[in-house]
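Enquirer: Structure here, sequence nowhere to be found:
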């Protein structure tokens, strides 16, 4: 597809996989990233790289003057705990940064944006699986920033400036099956990279927070979605915007719940050794079960996850370590 896309945050974990998907489909890709958490090794052959920060309004405007058919915005801070300690950092980077992007798009008549949102906008689930009609009640500042950005996009849409698709991710895991993306997350906060650091003895061990939930094995159940499936959804969202010119908020998940203990057990089988872990107290605000109803993604985008085998997903991560 001969369309030019600005991928903001394209050198990060999810961004690099989106970049790969778009390049494979024939899009012209420009990566805009400040490399604060992304890695230059994740800028793939065929993509153009511009180092920059979304708080730099002048640079954003200059870049967008080059002319783009669409923008993918993945540049956000995402550590839930940190957002509760340093909300000012998240307000500045996530909310003000996103408004800078929307302003630059409006200034340069770029109409279409796909936004990296989160299931964190829903807060504690009133029911599972969660669909898009679930009340929006974020319980942490990170989730609030995602919702605030969605609200700004809704206003820009109402005022005729943009059309958007906000993709509300559940739990992203895995790496590209071809091993073409090698850059790892720095200071990981999510389960899988922490497990891998324990597996490679970069850390002594790890904690499973809570084993007394109302689930089959007592540990939290989450909806783990392979990052390549997430990436495919971004290309489908862009195509949908180009063809249909409608805005949506859409969940991305498998609809299948896997417990933390099941992930650990499956990892031990894949790597062929026992992991050093212990159980700790529950973390405040962690629901027992969180899974997605992704019916809307199938109906509107024609999307469905291809990678549903947990062991296969874990193998794509372990392949980076061996």
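Expert: In hand now; what should we look at? Only a predicted model underlies this, so the values are computations on that prediction, with no experimental measurement involved.
Enquirer: now residue 172, what's its secondary structure?
Expert: strand (DSSP: H, G, I helix; E, B strand; the rest coil).
Enquirer: residues contacting the residue nearest to it when sequence neighbours are not counted?
Expert: Leaving out its chain neighbours, the residue that sits closest to residue 172 by Cβ to Cβ, 6 or more residues apart in numbering is residue 227, at 5.1 Å. The C-beta positions use only the backbone N, C-alpha and C, and glycine is treated the same way. By Cβ atoms under 8 Å, 6 or more residues apart in numbering, the contact set of residue 227 is 13, 14, 17, 172, 173, 174, 175, 176.
Enquirer: what's the average pLDDT for stretch 21-34?
Expert: The pLDDT scores in stretch 21-34 average 98.
Enquirer: Could you check that stretch and say which residues are buried?
Expert: 21, 22, 23, 27, 28, 29, 30, 31, 32, 33, 34 (16 or more other Cβ atoms under 10 Å).
Enquirer: quick one: secondary structure of residue 50?
Expert: strand.
Enquirer: which stretches of the stretch 1-150 of the chain form strands?
Expert: In the stretch 1-150 of the chain, the segments counted as strands under DSSP state E, counting those that start in this stretch are 4-8, 28-33, 48-51, 70-73, 112-118.
Enquirer: Check those for me and report the most buried one.
Expert: strand 70-73 (a mean of 27; mean count of other Cβ atoms under 10 Å).
Enquirer: So which elements touch that strand?
Expert: Applying 3 or more Cβ pairs under 8 Å, 6 or more residues apart in numbering; DSSP states H and E, one finds that strand 70-73 makes contact with strand 4-8, helix 13-24, helix 97-107, strand 112-118, helix 227-244.
Enquirer: Now do it: everything it contacts.
Expert: With Cβ under 8 Å, 6+ apart, strand 70-73 has contacts from 3, 5-10, 15, 18, 22, 98, 101, 105, 110-116, 234, 238, 241-242.
Enquirer: try 6 Å this time
Expert: 5, 6, 7, 8, 18, 101, 112, 113, 114, 115, 234, 238 (Cβ atoms under 6 Å, 6 or more residues apart in numbering).
Enquirer: Ok, stretch 315-322 next?
Expert: For stretch 315-322, using Cβ under 6 Å, 6+ apart, the contacting residues are 174, 175, 177, 179, 192, 196, 200, 270, 271.
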